[in-house]
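1. could you look at this predicted model? Sequence included:
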Amino acid sequence: MTTDHAPRPAASPAPALPASITPALLRRLTALVAAAPDAARVTTSAPYTGLPLADFPVSAPDDVEAAFARARVAQQAWATTPIAERRRILLRYHDLVLARREEALDLMQAENGKTRRDAFLEVVDVGIVSRHYARNAARYLSPKRRRGAIPLLTHTTELRHPKGVVTVISPWNYPLSMAATDTIAALMAGNAVVQKPDTQTALTALWSMDLMHEAGLPRDVWQMVIGRGSTIGTPLMDNADYMMFTGSTATGRQIAADAGRRLIGASLELGGKNPMIVLEDADIEKAAEGAVSACFPSAGQLCVSVERLYVAESIRDPFIAAFTARTRNLTVGASYDYGMDVGSLTTPSQLTTVTDHVADAVAKGATVLVGGRARPDLGPLFHEPTILTDVTPGMTLYDHETFGPVVSIHIYRDVDEAVALANATSYGLNASVWSRNGARGRAVAARVHAGTVNVNEAFAAAWGSVDAPMGGMGDSGLGRRHGADGILKYTEPQTVAHQRLQGFTPPARISPETWTGLLTGALKAMKAIGMR
């Protein structure tokens with residue numbers, strides 16, 4: 001069942017590329033790809049128009065091998081670079097990104113199709129993460145005194161050494177954030193990075209790397225290759241000392257298996273089917289506004305966006321009325337200014353997934369309250385923000401990630417049921433809880449199986465709290481970014497224990513029997529006095 005309540009389209013056709021994206025800029029950025037001069041080429045298209053955008057050289061396996069060879073030499077010198085100098089480089093990078101944000105926004109919109117306001121959040125993210133690791137890396141990485149085996153006699157220190165060369169595979173949906181922030185932590189820990197960004201949004205990733213080089217990073221410490229995983233995935237894995245991947249759960253499973261085969265670490269941020277719980281005491285207007293922010297940023301192409309919405313039965317009607325009204329008022333279209341609320345999907349395959357999921361749900365009895373249609377009149381890859389009800393387990397989008405501007409509303413009777421429904425998924429990336437009572441909201445949040453849970457916010461509160469870890473449970477991944485976890489994962493811990501005077505071996509003048517008695521008494525005494 002469908003309705004005819006569509007969001008407002010833009011009033012004008014898709015614009016041409018911004019003036020900042022010049023042939024000279026395209027040549028400069030594509031020349032940064034680690035590839036042979038006679039490499040094959042691949043052309044990307046602009047989502048707003050479908051017209052050609054950039055022409056990249058394609059890296060061959062030998063090019064990847066050569067990039068790692070250069071990175072290993074560069075990493076040896078970079079690891080000895082004082083952390084104060086790394087900090088200065090990162091803070092210069094921070095300033096460059098903010099100063100040239102308009103160019104970054106133009107590139108992100110041209111390659112990804114998102115709105116300018118959504119693109120700006122990526123600039124904010126890079127600024128926050130850059131500042132955090134510049135100012136805190138020394139604390140995270142400094143030698144730590146640890147409790148020794150024998151009080152006063154064992155001097156124990158924990159050291160942190162860089163892994164070596166890290167492979168970073170970054171996605172197309174957040175091309176600046178995901179290209180830069182994981183790399184920042186790896187670099188600050190003293191590693192070199194060989195990165196494969198998604199080809200569709202490689203210009204933004206290359207722009208970010210170019211600015212880091214301008215800030216003072218030696219060029220071979222951060223390099224980029226372009227190509228399909230089926231072609232260059234093997235050398236990216238086989239040469240890595242650590243693997244950082246953001247993408248699909250299916251690919252993440254394969255990377256985890258390959259990393260296990262090589263006995264190297266891997267951090268994987270994967271898919272999600274994220275829930276939002278609206279408690280009966282929530283401020284309905286604020287929760288409805290929050291739902292819009294949770295479901296439709298970057299046209300729903302955000303790993304932490306909400307696709308399942310659970311609403312208390314007692315507030316069902318007023319909440320749905322408020323949420324659908326706000327969604328219908330969203331302006332959908334292409335623009336390089338801040339006038340649009342929802343932009344384009346990025347790839348034809350993503351549009352196909354969204355339309356297939358909606359069509360399947362409608363055919364099996366779902367009701368479309370808002371949207372429900374592709375909008376080729378706006379551009380080749382636009383789809384309306386869509387709200388569905390009557391979604392049941394037999395429908396594909398019930399428990400499969402759509403990764404588009406589509407959300408299903410479900411009604412619950414009590415909090416236990418809401419939590420059970422939210423947790424009825426193999427994923428566990430992000431969640432949102434809404435309540436006028438902050439303590440109650442936090443208590444419900446603690447029961448939700450997700451790596452991050454936001455109270456009275458969609459996702460940005462947890463995402464922007466970069467002193468705290470961010471990542472997924474279950475099929476949503478392994479490892480964490482941000483905070484101490486986000487940088488220490490790129491290091492090898494080493495314990496150095498210096499034993500002074502006497503250890504565990506008995507002195508020559510004391511018999512083993514007497515020595516074991518003395519040690520037993522010492523252990524009992526340590527417990528009695530509360531020694532840790």
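-> Perfect, I can see it now.
2. low-confidence ranges in the stretch 401-532 of the chain?
-> Judged by pLDDT under 70, the stretch 401-532 of the chain has no weakly predicted residues.
3. and if you look at the chain?
-> In the chain (pLDDT under 70), the answer is 1-5, 8-13.
4. wait, Ala66 sits on Ala34?
-> Yes: with contacts counted by C-beta atoms under 8 Å, Ala66 reaches Ala34, the gap being 7.1 Å. The way it works is simple: take the backbone N, C-alpha and C, and place the C-beta from them, glycine included.
5. between the two, which is the more surrounded one?
-> Ala34 (23 against 18; other C-beta atoms under 10 Å).
6. contacting residues around that one?
-> Contact partners of Ala34, counting by C-beta atoms under 8 Å, 6 or more residues apart in numbering, are 59, 63-64, 66-67, 194, 223-225.
7. which of those residues ranks first by neighbour count?
-> Highest neighbour count within the contacts of Ala34, by other C-beta under 10 Å: Ser59, with 28 neighbours.
8. who touches that residue in this structure?
-> Ser59 is in contact with 33-35, 39, 67, 225-227, 232, counting by C-beta under 8 Å, 6+ apart.
9. what is the neighbour count of Arg308?
-> Arg308: 23 neighbours (other C-beta under 10 Å).
10. that should have said His383, apologies.
-> Counted with other C-beta under 10 Å, His383 comes out at 26.
11. what bridges to it?
-> Under DSSP bridges, the beta-bridge partners of His383 are Ala374.
12. thought it was touching Phe403?
-> No: contact criterion C-beta under 8 Å: His383 and Phe403 do not qualify, at 11.4 Å.
13. that older thread, pick the one among the contacts of Ser59 closest to Pro512.
-> Ala67 (57.8 Å; C-beta to C-beta).
14. next, the closest one: phi, psi?
-> phi -60, psi -40 (degrees, to the nearest 10).
15. for Pro197, see how far away it is.
-> Ala67 sits 14 Å away from Pro197, going by C-beta to C-beta, to the nearest Å.
16. cool, His94 as well?
-> Applying C-beta to C-beta, the value for His94 to Pro197 is 20 Å.
17. number of residues surrounding Ser314?
-> Neighbours of Ser314 using other C-beta under 10 Å come to 13.
18. quick revisit: more neighbours, His94 and Pro197?
-> Pro197 (25 against 21).
19. which parts of the host helix or strand of Asp63 count as buried, going by neighbours?
-> Using DSSP states H and E, Asp63 sits within helix 61-80. Neighbour counts over helix 61-80 (16 or more other C-beta atoms under 10 Å) mark 61, 63-64, 66-68, 70-72, 74-75, 78 as buried.
20. can you check stretch 388-396 too?
-> Quick answer for stretch 388-396 (16+ other C-beta under 10 Å): 388-391, 395-396.
21. quick one: the strands in the stretch 351-500 of the chain?
-> Applying DSSP state E, counting those that start in this stretch to the stretch 351-500 of the chain gives strands spanning 367-370, 386-389, 406-412, 430-434, 452-455, 477-478, 491-499.
22. how many neighbours does Thr231 have?
-> Thr231: 13 neighbours (other C-beta under 10 Å).
23. winner for burial among the strands of the stretch 351-500 of the chain?
-> Greatest average neighbour count among the strands of the stretch 351-500 of the chain goes to strand 430-434 (a mean of 30), per mean count of other C-beta atoms under 10 Å.
24. CA atoms only: put stretch 508-521 into PDB for me.
-> Coordinates of the C-alpha atoms in stretch 508-521 are reproduced here as PDB (Å, rounded to 0.1, in the frame of the first residue of the first chain):
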ATOM      1  CA  ALA A 508      72.000 -20.500  47.600                       C
ATOM      2  CA  ARG A 509      71.900 -20.300  51.400                       C
ATOM      3  CA  ILE A 510      68.200 -21.100  51.700                       C
ATOM      4  CA  SER A 511      66.700 -24.500  51.000                       C
ATOM      5  CA  PRO A 512      63.800 -24.800  48.500                       C
ATOM      6  CA  GLU A 513      61.500 -26.000  51.200                       C
ATOM      7  CA  THR A 514      62.200 -22.900  53.400                       C
ATOM      8  CA  TRP A 515      62.000 -20.600  50.300                       C
ATOM      9  CA  THR A 516      58.500 -21.900  49.300                       C
ATOM     10  CA  GLY A 517      57.300 -21.300  52.800                       C
ATOM     11  CA  LEU A 518      58.600 -17.800  52.800                       C
ATOM     12  CA  LEU A 519      57.000 -17.000  49.500                       C
ATOM     13  CA  THR A 520      53.700 -18.600  50.600                       C
ATOM     14  CA  GLY A 521      53.700 -16.400  53.700                       C
END
